[in-house]
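**Q** fold the following.
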Amino acid sequence: MTLSQRLLWRILPTLMATILIVGALAYRSATREIENIYDAELINDANTLWILLKGHLQRNDFTAPVEVPDIDFSMGNQLALNEDADDYADAHAFRSWKGHALAMVSSNAFPASVPQFRSGFADYTSANEKWRVYSLAVAKTDLVIEVAEKVALRRGLVGKILLDIALPLLVLVPAIAFLTWLVIYNGLSHIRALVRQIRSRTPDDLSMLATNDLPSDLMPLVRSLNQFMQKLDTSLTLERRFADLAAHQLRTPQAGIKLLLQMLDKATDEDERRQLMADLVASNERAMHLIAQLLHLARVSHQPLRLETINLYEVAAASLADVGVILGDRGFDAELIGNQVAYVKADRLLLRLLIDNLVDNAVKYSPDRGKIRMEIAPVDAAWRLTIEDHGPGIPEDQRETVFLKFHQASATDQGGAGLGLAIVAEIAKRLGIQISLSTPAWGHGLQVELTMPAVAA
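**A** This is a model prediction of the structure:
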C-alpha cells in the first residue's frame, strides 16, 4: 500500500466521522428551531381562533359541543389537490371551552373525556400518537382555546430537512475522497521526486541531494540523508585509502621475502643459508610489524569511542611494564614518576595504544643502557604525560611531518613502517590530546609531551 493510500484511508474515517457529527449537530439544531417555530405557530393559531370565535362564544351558551366541519369537506375537497397540505391539515385540532363545558371542537379533536389542559404547553398521547397542545386562557373570561398538533409532523419535517442535507453530502463523499486523494498525491510529489533522485544514482555517487524548492517538513530528512552520505563517503574514502596504503606498503616486504626465498633455494654455502634465513626472519618481522601497524591505524580511524574515567598513571605504568623484559635485557634505566591519581576522560584501548607506540619508539631508537623517563604532572586544569629517551631525536624542521603516514625522520630511519607517530597523531586527534615534540633537558634524544584535560576521580 502506497503512502498516498495510507493517508487516504486514515483521512476518510475522519471525514465520515465529521459528516456524522455535523449531521447530529444539524439534527439537534433543526429540531430545536422547528420546535420553537411550531410552538409559536400554535400560539398564533390559538389567538386567531379566539378572534374568530370570540363573538360566537360570548353570545351563546353551549349544552353540547359544536363540531366545526373540516375545510376539506366544506369547500369541495380542495386539500386533496395537495397531499402534503392534506396531511398538514389532518395533523391539527382544536377545542374551545366556556367555563368547564366544551363549546366548539374540530372534527379530529380530543374527546370530551380528555380534561381541559392547563394554560400553556403540554404533551399528550392519544391513540398512540403524540400531540403538542397549547392552551390559551382568555383573560377576564371563562373561555379557553386549545390547539393541538401532531408531533410526527415536526419529526417528519426534521427528517426531510436532514435528508435534503444528507443526500448531497453522500453524493459528494466519493468526489471529496477523490479530491482528497488528489491533494495528497500532489502533496507527496516532492517525496516521489526525492525517491527518483536517489534511485537514479550509481552506487559510487554520494553527492549531496538537492534541496531546492523542498517543503520545510522535508528539509530535516534531506539534511539527515546528506549528512549520512557525507559520513558514508568519508568512511568509504578512508577504507579505499587504507586498502591502497596496505597494498602499496605490503608489496615491498613481500617482494623482499620472495627474493630471499629464491636466493635461499639457490644457496649452496651453509653460512650463506644461515644469513639468508636470518634476513628472511627479519624481513618477515618487518612485514608482521607493518601489518600490525596498519590494523592499528584502521582501528583508530573507525573504532567508536568508549569514553571512561581512566587513571593515566596506571595506563603508563602498564605500558612500561609490558616492555620490562626488553628494558632489562638491554640495560635501560627506566623510571615513571609524578602524580599517581591523574584521572582523564578517554578511550582506554586507544589511550593505551597511543602510549605503547611512544614507548616502543623510545625503546627502539635508544641505544642499549640508555635512559627512558616518564613523568605525569599537573598543568592548569590538565595532566601532562612526558616521555623522554636517549635516541637520536627528531630535527626541529621535521617535527611536523613525522606525524604523516609512512614518513620517517632521517635521524630515526631504521627500517620501520613510518606509521607509529601517524597512529599517535590520529588517536590524539580523536581523544582531544595535544602533542608537542622537543629535546630533553639532558641535551639529546626526544621528548614527547601529551596534554589532556583532567577530570575528577
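**Q** need the contact partners of stretch 151-171.
**A** Residues from elsewhere that reach stretch 151-171 (CB atoms under 8 Å, 6 or more residues apart in numbering): 19, 23, 26-27, 30-31, 34-35, 38, 87-88, 91, 123, 129-132. For glycine as for every other residue, the C-beta is placed from the backbone atoms N, C-alpha and C.
**Q** list the buried ones in that stretch?
**A** 151, 153-154, 157-158, 161-162, 166 (16 or more other CB atoms under 10 Å).
**Q** do stretch 436-448 as well
**A** Within stretch 436-448, the residues that qualify as buried by neighbour count (16+ other CB under 10 Å) are 437, 440, 445-448.
**Q** if you look at those residues, which of them are in strands?
**A** 437, 447-448 (DSSP state E).
**Q** closest to Lys364 out of those residues?
**A** Nearest to Lys364 out of these is Val448 (CB to CB; 13.8 Å).
**Q** for the closest one, give its distance to Val344.
**A** 16 Å (CB to CB, to the nearest Å).
**Q** please apply the same query to Phe110.
**A** For Phe110, the distance to Val344 equals 102 Å [CB to CB].
**Q** again, but for Met16
**A** For Met16, the distance to Val344 equals 64 Å [CB to CB].
**Q** same check on Ile37?
**A** Per CB to CB, Ile37 is found 87 Å from Val344.
**Q** neighbour-wise, which of the two wins?
**A** Taking other CB atoms under 10 Å, Ile37 and Val344 do not tie; Val344 has more neighbours (23 against 12).
**Q** domain boundaries for the protein, per the record?
**A** 3-172, 203-302, 305-453 (automatic domain parsing).
**Q** if we can go back for a sec, keep only those of the contacts of stretch 151-171 that are in strands.
**A** Those of the contacts of stretch 151-171 lying in strands (DSSP E): 123, 129-132.
**Q** buried ones among these?
**A** Neighbour-count burial (16+ other CB under 10 Å) applied to the ones in strands among the contacts of stretch 151-171 gives 131-132.
**Q** which element follows the helix or strand where Leu179 lies toward the C-terminus?
**A** The secondary structure element spanning Leu179 is helix 151-187 (assigned by DSSP states H and E). Counting by DSSP H and E, the next helix or strand C-terminal to helix 151-187 is helix 189-199.
**Q** picking up where we left off before, okay if I get the ones in strands among the contacts of stretch 151-171 as a markdown table plus pLDDT and distance to Asp205?
**A** A markdown table is the format used below for the ones in strands among the contacts of stretch 151-171 (pLDDT from 0 to 100; distance: CB to CB, whole Å):
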| residue | pLDDT | distance to Asp205 |
| --- | --- | --- |
| Asp123 | 92 | 80 |
| Glu129 | 89 | 81 |
| Lys130 | 92 | 78 |
| Trp131 | 92 | 83 |
| Arg132 | 92 | 79 |
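**Q** ok, of the ones in strands among the contacts of stretch 151-171, which one's closest to Ala64?
**A** Of all the ones in strands among the contacts of stretch 151-171, Ala64 sits closest to Trp131, with 23.4 Å by CB to CB.
**Q** how about the contacts made by that closest one?
**A** Trp131 makes contact with 93, 123-125, 148-151 under the criterion CB under 8 Å, 6+ apart.
**Q** again, only using 6 Å
**A** Contact analysis of Trp131 by CB atoms under 6 Å, 6 or more residues apart in numbering lists 124, 148, 150.
**Q** of those residues, select the buried ones using a ChimeraX command.
**A** Selecting only the buried entries of those in ChimeraX, with 16+ other CB under 10 Å as the criterion:
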select :148,150
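**Q** next, the distance between the ends of stretch 326-334.
**A** 11 Å (CA to CA, to the nearest Å).
**Q** just the buried positions in it, please.
**A** Quick answer for stretch 326-334 (16+ other CB under 10 Å): 327, 332, 334.
**Q** just say helix, strand or coil for Pro111.
**A** What DSSP: H, G, I helix; E, B strand; the rest coil gives for Pro111 is coil.
**Q** show me where the stretch 201-350 of the chain has helices.
**A** Secondary structure of the stretch 201-350 of the chain (DSSP state H, counting those that start in this stretch): helices at 219-266, 270-302, 312-322, 324-329, 348-365.
**Q** dump the ones you listed to CSV, plus mean pLDDT.
**A** Listed next are the helices of the stretch 201-350 of the chain as CSV, based on pLDDT from 0 to 100:
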stretch, mean pLDDT
helix 219-266, 73
helix 270-302, 71
helix 312-322, 91
helix 324-329, 87
helix 348-365, 87
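**Q** pick the most buried one from those.
**A** Stretch with highest mean neighbour count among the helices of the stretch 201-350 of the chain: helix 348-365 (a mean of 20; mean count of other CB atoms under 10 Å).
**Q** so Arg118: helix, strand or coil?
**A** From three-state DSSP, the assignment for Arg118 is coil.
**Q** so where's this structure shaky on pLDDT?
**A** Scanning the chain with the threshold set as pLDDT under 70 gives 1, 70-89, 238-239, 241-253, 255, 286, 289-290, 292-303, 402-420.
**Q** identify the residues contacting stretch 102-122?
**A** Stretch 102-122 is contacted from outside by 57, 62, 65-68, 70, 93-97, 133-135, 137, 146, using CB under 6 Å, 6+ apart.
**Q** among those residues, which ones are in helices?
**A** Leu57 (DSSP state H).
**Q** from the contacts of stretch 102-122, list the buried ones, please.
**A** If we count by 16+ other CB under 10 Å, these have these buried: 57, 62, 65, 68, 70, 93-97, 133-135, 137, 146.
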